[in-house]
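Student: Structure of the sequence below:
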Amino acid sequence: MSISQRIKERIDIVDFISSYVRLTRSGKNYIGLCPFHNDHNPSFTVSPEKQLFYCFGCKEGGDVIKFLMKIEHLSYREALAQLGRRVGIEVDDTNDESSGGIRELYKINDLVTKYFNYILTETQYGKIPREYLAKRGIKKETIDTFKLGYAMASWNSLQKFLEKKGVNLETQEILGLIINDKETGKSYDRFRDRIIFPIIDITGHTVGFGGRVLDDSLPKYVNTPETPVFRKGHILYGLYQTRDEIMKKDQAIVVEGYMDCISLYQAGIKNVVASMGTSFTREQGLALKRIAKDIVIAFDTDTAGDLAVIRGANVLREVGCNVRIARWTVFKDPDEFIRNEGPIVFLDIINRAKSFLDYMLELLINRYDITSLEGRIQFFQEFFPLLRSEPRVSVQRAYLDKVATLGKIPPELLYREFDLFYTSRKKEFEVTSISALSWMQREDMDVLREKLERQLLFFALNDIKFLNIIKEIFQPDIFTIKEYREIYERLLQWNFEEGGFEVQDDNLSSVIAKINISEQIELSENNLNETINRLNGIILQKKREELIRELELAEKSGEVEKAKELATKIQNLTREIFSIGERRMSVNG
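Tutor: A predicted model of the protein is given here:
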């Protein structure tokens with residue numbers, strides 16, 4: 001019996017995959033949402049009898065080794081070695097060179113994590129940061145759980161340590177651990193005199209670091225830049241430590257910062273992750289959707305937090321998550337709240353978190369005076385599209401009744417206004433709203449643009465007829481994602497008479513595979529035209545926003561002629577956007 005067969009014989013595939021995906025019994029098999037594509041209905045099947053998995057959506061399938069390779073992006077030998085360690089079978093993976101460079105980067109980051117942790121917990125240099133953490137209520141066991149560390153107030157202490165360990169400066173710079181001064185040619189440590197928060201992926205490897213000052217100096221945080229092993233929008237802080245609890249409770253509480261996550265965890269609220277202060281991404285949303293049904297957003301209570309809540313909720317709703325929003329008024333963030341009020345009060349707020357529609361209704365009611373005609377119009381333009389996204393008519397009517405009561409509007413009149421909004425005024429609204437609640441599927445504009453660029457590239461990759469249409473309309477600079485732009489440039493240069501398109505670049509080939517696997521849109525000319533129209537709409541909308549900002553500045557500075565010229569341009573752009581909406585309406589009926 002081979003070593004792989006021996007390992008698979010000792011691992012139950014259902015138990016193993018259950019640590020990544022919520023599975024439920026269905027006959028003799030188990031089903032769940034596929035972790036490899038945006039699955040809205042359970043299409044992912046695991047057979048305990050055959051010890052195999054298969055997704056009827058993205059067609060991905062195989063044994064437990066294949067699953068681990070796919071989910072953790074490991075080579076065959078790495079996956080085999082990791083499974084071997086799980087069941088006590090030793091696998092020699094020293095000769096596996098398929099991803100040796102990446103594996104070495106992980107090892108270096110893990111070493112740096114231990115180094116920072118040692119400085120914090122075992123040396124005199126860590127005395128002040130230890131006192132700082134203690135003052136904030138962070139206990140020793142929490143430091144150990146999250147592997148917190150400290151970077152000394154030195155320009156090159158980490159650099160020297162790694163050089164002694166045989167890690168050259170080039171590799172240190174690739175990992176974002178040091179910064180090279182182009183003018184002087186000298187390098188220095190990126191993290192200095194900061195508490196260190198290792199960012200750990202779900203395999204337990206450190207992929208990056210966050211560093212926080214011990215005082216009020218700026219910048220408050222310094223983070224690892226994008227590296228071969230770290231993409232900020234693709235990982236959630238704390239998920240390695242909290243995933244089991246999230247799956248157990250079937251609920252994830254999403255906070256913004258490292259300390260928010262750590263403080264809640266220490267207080268016993270362990271089903272928590274942090275978005276690390278960035279705009280919530282589709283990849284993060286999909287990661288949560290795979291393991292939890294209920295997602296509660298508990299972001300900071302400032303204005304930026306309010307905007308982040310709406311953006312984050314839209315992304316989560318777009319990938320099919322059930323989203324609720326927790327808000328409070330007394331404290332700035334969950335860390336401050338939990339230290340002052342404790343976990344029981346905070347959990348009460350989580351339990352009373354509002355649905356997205358309830359949250360937006362309250363927000364917009366407070367923003368607009370719906371007892372006035374002007375206020376009603378503004379309210380309708382923002383709330384009606386949200387309500388339209390609710391498929392149940394009974395729920396739509398319940399919310400309209402609430403609005404009718406609050407605005408002292410006859411319900412029948414409001415029902416008629418709601419219906420008319422999507423007949424006589426639908427086109428105008430779809431192309432003129434510039435908020436995240438616009439015709440662009442109420443998504444964050446940047447998120448939607450990336451999606452449309454991906455779809456455009458999907459068409460270009462799969463049919464030369466579509467590529468010929470696209471290249472007549474768009475230059476490579478249409479793509480805001482660097483990899484998409486490079487793939488498109490290569491497509492334009494490719495001689496298809498010599499054979500089908502291919503690339504040897506590992507990164508680009510992975511992006512192409514991801515696009516071809518993840519995109520489910522039907523390859524038709526109508527769908528291509530729809531994608532082109534929507535992308536053009538976003539581009540024009542962005543331009544319109546820029547002109548509006550210029551107009552505001554011109555008006556403030558008294559530049560009358562410039563203001564007139566800008567107003568004319570804005571009107572022309574609005575008409576052009578409007579025409580795109582009309583074309584979409586005529587195509588879609």
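Student: What are the structural domain limits within the chain?
Tutor: As assigned by automatic domain parsing, the chain contains the domains 3-87, 100-230, 234-352, 359-424, 445-588.
Student: and these, which is most packed in?
Tutor: Sort the domains of the chain by mean neighbour count, taking mean count of other CB atoms under 10 Å, and domain 234-352 sits at the top with a mean of 20. (Each C-beta comes from the backbone N, C-alpha and C, glycine too.)
Student: ranges for the helices of the stretch 51-200 of the chain?
Tutor: Taking DSSP state H, counting those that start in this stretch, the helices of the stretch 51-200 of the chain run over residues 64-72, 76-87, 100-122, 127-135, 140-145, 157-164, 169-174.
Student: Distance to Ile253 and mean pLDDT for these - can I get that in CSV?
Tutor: Output for those, formatted as CSV (distance: least, CB to CB, whole Å; pLDDT from 0 to 100):
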stretch, distance to Ile253, mean pLDDT
helix 64-72, 23, 86
helix 76-87, 29, 82
helix 100-122, 25, 91
helix 127-135, 22, 97
helix 140-145, 17, 97
helix 157-164, 33, 97
helix 169-174, 34, 95
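Student: Now distance to Glu530 too, for the ones you listed, in CSV please.
Tutor: Listed next are the helices of the stretch 51-200 of the chain as CSV, based on distance: least, CB to CB, whole Å:
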stretch, distance to Glu530
helix 64-72, 31
helix 76-87, 40
helix 100-122, 38
helix 127-135, 53
helix 140-145, 48
helix 157-164, 51
helix 169-174, 41
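Student: for those, which one sits closest to Leu218?
Tutor: Closest to Leu218 of the helices of the stretch 51-200 of the chain is helix 127-135 (CB to CB; 17.2 Å).
Student: Between the helices of the stretch 51-200 of the chain, which one is closest to Asp189.
Tutor: helix 157-164 (4.8 Å).
Student: For the residue lying closest to Val207 once chain neighbours are set aside, give me phi and psi.
Tutor: Leaving aside its sequence neighbours, Val207 sits nearest to Phe230 (CB to CB, 6 or more residues apart in numbering; 4.3 Å). Note on Phe230: its backbone torsions stand at phi -130, psi 120 [degrees, to the nearest 10].
Student: Phe230 touches His205, doesn't it?
Tutor: No. Contact criterion CB atoms under 8 Å: Phe230 and His205 do not qualify, at 10.5 Å.
Student: Please identify the helix or strand for the residue nearest to Asp477 when sequence neighbours are not counted.
Tutor: Nearest non-adjacent residue to Asp477, counting by CB to CB, 6+ apart: Arg485, 7.1 Å away. Here Arg485 sits within helix 482-493, counting by DSSP states H and E.
Student: centre of the chain versus that helix, how much separation?
Tutor: Taking CA atoms, centre = their mean, to the nearest Å, one finds the center of helix 482-493 at 24 Å from the center of the full chain.
Student: That helix - contacts with which helices or strands?
Tutor: Secondary-structure packing of helix 482-493 (3 or more CB pairs under 8 Å, 6 or more residues apart in numbering; DSSP states H and E): helix 445-462, helix 506-518.
Student: Among those helices, which comes closest to Pro343?
Tutor: Pro343 lies closest to helix 445-462 among the helices and strands packed on helix 482-493, at 33.0 Å (CB to CB).
Student: what is the rounded mean pLDDT of the closest one?
Tutor: On average, the pLDDT along helix 445-462 is 87.
Student: continuing past it, what's the next helix or strand?
Tutor: helix 464-471.
Student: and that following helix, how far out from the chain's middle?
Tutor: 31 Å.
Student: which residues sit against it?
Tutor: 456, 459-461, 491-492, 496, 523, 525, 528, 532 (CB atoms under 8 Å, 6 or more residues apart in numbering).
Student: cutoff 10 Å now
Tutor: 456-461, 463, 478, 488, 491-492, 494, 496, 500-501, 523-525, 527-529, 531-532 (CB atoms under 10 Å, 6 or more residues apart in numbering).
Student: looking at it, Gln381 is touching Phe421, isn't it?
Tutor: Yes. The pair Gln381 / Phe421 is scored as a contact, 8.4 Å apart, by CB atoms under 10 Å.
Student: avg pLDDT for the helix or strand harbouring Asn340?
Tutor: Using DSSP H and E, Asn340 falls within helix 334-341. Average pLDDT, helix 334-341: 96.
Student: List the residues that contact Leu148.
Tutor: Neighbours of Leu148 in contact, by CB under 10 Å, 6+ apart: 113, 116-117, 120-121, 129-130, 133, 138, 142, 195-198, 258, 262.
Student: What ranges in the stretch 151-300 of the chain fall below the confidence cut-off?
Tutor: For the stretch 151-300 of the chain, the stretches flagged by pLDDT under 70 are 278.
Student: quick one, strands of it?
Tutor: Along the stretch 151-300 of the chain, the segments classed as strands by DSSP state E, counting those that start in this stretch run 178-180, 187-189, 194-200, 206-212, 221-223, 251-255, 272-274, 294-297.
Student: of these, which approaches Ile11 most closely?
Tutor: Short answer: strand 194-200, nearest of those by CB to CB, at 23.3 Å.
Student: Given the closest one, what are its sheet partners and their directions?
Tutor: Applying DSSP bridges, strand 194-200 is found paired with strand 149-151 (antiparallel), strand 206-212 (antiparallel).
Student: contacting residues around the first one?
Tutor: Residues outside strand 149-151 that contact it (CB under 10 Å, 6+ apart): 112-121, 123, 125-130, 132-133, 143, 157-158, 177, 189-198, 209, 211, 214, 222.
Student: related to what we said a few turns ago, select, out of the helices and strands packed on helix 482-493, the one closest to Ser47.
Tutor: Smallest distance to Ser47 across the helices and strands packed on helix 482-493 (CB to CB): 21.5 Å, for helix 506-518.
Student: Check the offset of the helix or strand just after that closest one from the chain's centre.
Tutor: Once the chain leaves helix 506-518, the next helix or strand it forms, by DSSP H and E, is helix 525-556. How far helix 525-556 lies from its chain's middle: 24 Å, per CA atoms, centre = their mean.
Student: what do you get for stretch 371-378?
Tutor: With CA atoms, centre = their mean, you get 35 Å for stretch 371-378.
Student: quick one: contacts of that stretch?
Tutor: By CB under 10 Å, 6+ apart, stretch 371-378 touches 364-365, 367-370, 379, 403, 406-409, 414, 417, 425.
Student: Tell me which entries of those residues lie within strands.
Tutor: With strands taken from DSSP state E, there is no overlap with the contacts of stretch 371-378.
Student: how far away is Asn468 from Pro410?
Tutor: Distance, Asn468 to Pro410, by CB to CB, to the nearest Å: 56 Å.
Student: show me the residues around Thr405 that make contact.
Tutor: Per CB under 10 Å, 6+ apart, neighbours of Thr405: 411, 414.
Student: quick one: the residue nearest to Asp477 and Ile128, what's the gap?
Tutor: Distance from Arg485 to Ile128, by CB to CB: 47 Å.
Student: swap in Lys248?
Tutor: Lys248 is 38 Å from Ile128, by CB to CB.
Student: For the residue nearest to Ile65 when sequence neighbours are not counted, which residues are in contact?
Tutor: Closest residue to Ile65 in three dimensions, ignoring its sequence neighbours and counting by CB to CB, 6+ apart: Ala79, at 5.2 Å. Shown in contact with Ala79 (CB under 10 Å, 6+ apart): 4, 7, 64-73, 91, 93.
Student: Now render these as TSV, adding distance to Leu551.
Tutor: Listed next are these as TSV, based on distance: CB to CB, whole Å:
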residue	distance to Leu551
Ser4	66
Ile7	66
Val64	60
Ile65	60
Lys66	56
Phe67	55
Leu68	55
Met69	54
Lys70	50
Ile71	50
Glu72	51
His73	48
Val91	65
Asp93	62
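Student: and which of the residues you listed is nearest Lys165?
Tutor: Nearest to Lys165 out of these is Asp93 (CB to CB; 21.0 Å).
Student: Need the residue closest to the centroid of this protein.
Tutor: By CA atoms, centre = their mean, the chain has its centre lying nearest to Thr281, at 1.9 Å.
Student: Which residues are in contact with each of Phe230 and His205?
Tutor: By CB under 10 Å, 6+ apart, the residues touching both Phe230 and His205 are 105, 109.
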